[in-house]
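**Q** Need the 3D shape of this:
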Amino acid sequence: MLEYMLCRPQDSGFFDQALEYIVLDEAHLYTGTLAAEIALLLRRLRDRCGVAPELITHIATSATLGGSFEDMGKFASTIFSAPQASVEVIGGKKAPVQFQGEEAQDFPAPLQPRSLVIPISMSLRLVRMAG
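**A** As a prediction, the model looks like this:
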């Protein structure tokens, strides 16, 4: 949809120098040629808005993106066309569900203490560089 909007003159009002954030959800889906297409699309978006990449906070999230933090940093650097030194990888940890007070009475106790876990997404964030 973004590619289509970039081509339409009637959508030009959406693209100006107010661009501050680019967020990619489900980043684990962007591999191979799709990742290359997304990287180029993001470059076109920044060019259209007239905003330098270092002035934009780029965020990619995924609950299932694997690999080391170094691998994830390389991925973010590539897909956002940014220097790897500007990438900050933030890792999430699984935490048990905890209810307090009256909330706890509405739910039955789990069979095993570890049976209820909420995965927290793994996030990749490019930090805006000062300057």
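**Q** got the contact list for the longest helix along the chain?
**A** Under DSSP state H, the helix in the chain containing the largest number of residues is helix 32-49. Residues outside helix 32-49 that contact it (C-beta atoms under 8 Å, 6 or more residues apart in numbering): 2-3, 6, 15-19, 22, 24, 30, 52-53, 56, 58, 78-81. (Each C-beta comes from the backbone N, C-alpha and C, glycine too.)
**Q** Now that helix: buried residues?
**A** Residues of helix 32-49 classed as buried: Ile38, Leu42, Leu45, Arg46, Cys49 (neighbour count, 16 or more other C-beta atoms under 10 Å).
**Q** picking that back up, which ones among the contacts of helix 32-49 lie within strands?
**A** In strands, defined here by DSSP state E, the members of the contacts of helix 32-49 are Ile22, Leu24, His58.
**Q** Can you name the residues that contact the first one?
**A** It stands for Ile22. Counting by C-beta under 8 Å, 6+ apart, Ile22 has contacts Leu42, Leu45, Ile56, Thr57, His58, Ile59, Phe80.
**Q** Apply 6 Å and report the result again.
**A** Ile56, His58 (C-beta atoms under 6 Å, 6 or more residues apart in numbering).
**Q** all numbers from here: first residue = 42
**A** OK, 42 is where the count begins now, so the last one is Ile63.
**Q** what sits opposite it in the beta ladder?
**A** Here Ile63 sits in beta bridges with His99, going by DSSP bridges.
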